[in-house]
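Visitor: have a look; sequence and predicted model below, questions after that.
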Amino acid sequence: MSRYRPPSPRSSPYITREGYDRLKSEEKALWARRKDVTAALSAAAAEGDRSENAEYIYRKKELREIDRRVRYLQKRIPDLKVIDRRAGGDAIFFGAEVELETDSGSTMTVRIVGADEIDPARRFISVDSPLARALLKKQVDDEVTIEVEEQKLVYAVLGISYPQGDS
């Protein structure tokens, strides 16, 4: 059996203005944090034997993690396309906040955002998710059916809005 796994499909390059600003500020903060970690690493390296120096090992690992994230952001940010949809509309598009009713009668609100902005606690779902793909171009009172893990879920669109700022 081979260990080969095909690469996962690339996520959409779309992002909201708030998400883009958040990524840029994260990159800037990482560069500042990297300076502090590099100084601490140098101090730990000066203490002597590096093979048994826990501080040195920890700082090397921390520096690797920072560098990995900075590399990712430096590759990802230039490819992103900021979508500034502020006007409302009758249909669901990227950036929309959608109020849904499940077939059991409960309601929930989701916001369709880019893959780099997903936040389950705030109900921000990726534009690449099955629910978001099914919702795109739908209007109020439309029904959407998706199949997740061999189970059909039915949602009714109750309302559509486009938030003006960061939610």
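Guide: Nice, thanks for sending it over.
Visitor: mind listing the helices for the protein?
Guide: Ranges of helices within the chain are 17-45, 54-76, 130-135, based on DSSP state H.
Visitor: tell me who's in contact with the nearest residue to residue 76 once chain neighbours are set aside.
Guide: Nearest non-adjacent residue to residue 76, counting by C-beta to C-beta, 6 or more residues apart in numbering: residue 116, 6.9 Å away. (Glycine included, C-beta is placed from N, CA and C.) Going by C-beta atoms under 8 Å, 6 or more residues apart in numbering, residue 116 touches 11, 15, 19, 23, 76, 80.
Visitor: if I look at residue 116, how far off is residue 161?
Guide: Distance, residue 116 to residue 161, by C-beta to C-beta, to the nearest Å: 22 Å.
Visitor: can you list the domains in this protein?
Guide: 14-81, 85-161 (automatic domain parsing).
Visitor: how about these in a markdown table, adding distance to residue 7 and mean pLDDT?
Guide: Output for these, formatted as a markdown table (distance: least, C-beta to C-beta, whole Å; pLDDT from 0 to 100):
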| stretch | distance to residue 7 | mean pLDDT |
| --- | --- | --- |
| domain 14-81 | 14 | 94 |
| domain 85-161 | 15 | 91 |
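Visitor: of those domains, which is nearest residue 6?
Guide: domain 85-161 (16.8 Å; C-beta to C-beta).
Visitor: can you list contacts of stretch 117-131?
Guide: Residues from elsewhere that reach stretch 117-131 (C-beta under 8 Å, 6+ apart): 11-12, 14-16, 18-19, 22, 94, 108-115, 132-133, 136, 144, 146-148, 155, 167.
Visitor: which among the residues you listed end up buried?
Guide: Among the contacts of stretch 117-131, those classed as buried by 16 or more other C-beta atoms under 10 Å are 12, 14-16, 18-19, 94, 110-115, 132, 144, 146, 155.
Visitor: give me the nearest residue to residue 102, chain neighbours excluded.
Guide: residue 155 (6.1 Å).
Visitor: contact partners for the nearest residue to residue 40 once chain neighbours are set aside?
Guide: Nearest residue to residue 40, sequence neighbours excluded (C-beta to C-beta, 6+ apart): residue 59, at 5.3 Å. Residue 59 is in contact with 37, 40-41, 44, counting by C-beta under 8 Å, 6+ apart.
Visitor: can you check residue 74 too?
Guide: residue 27.
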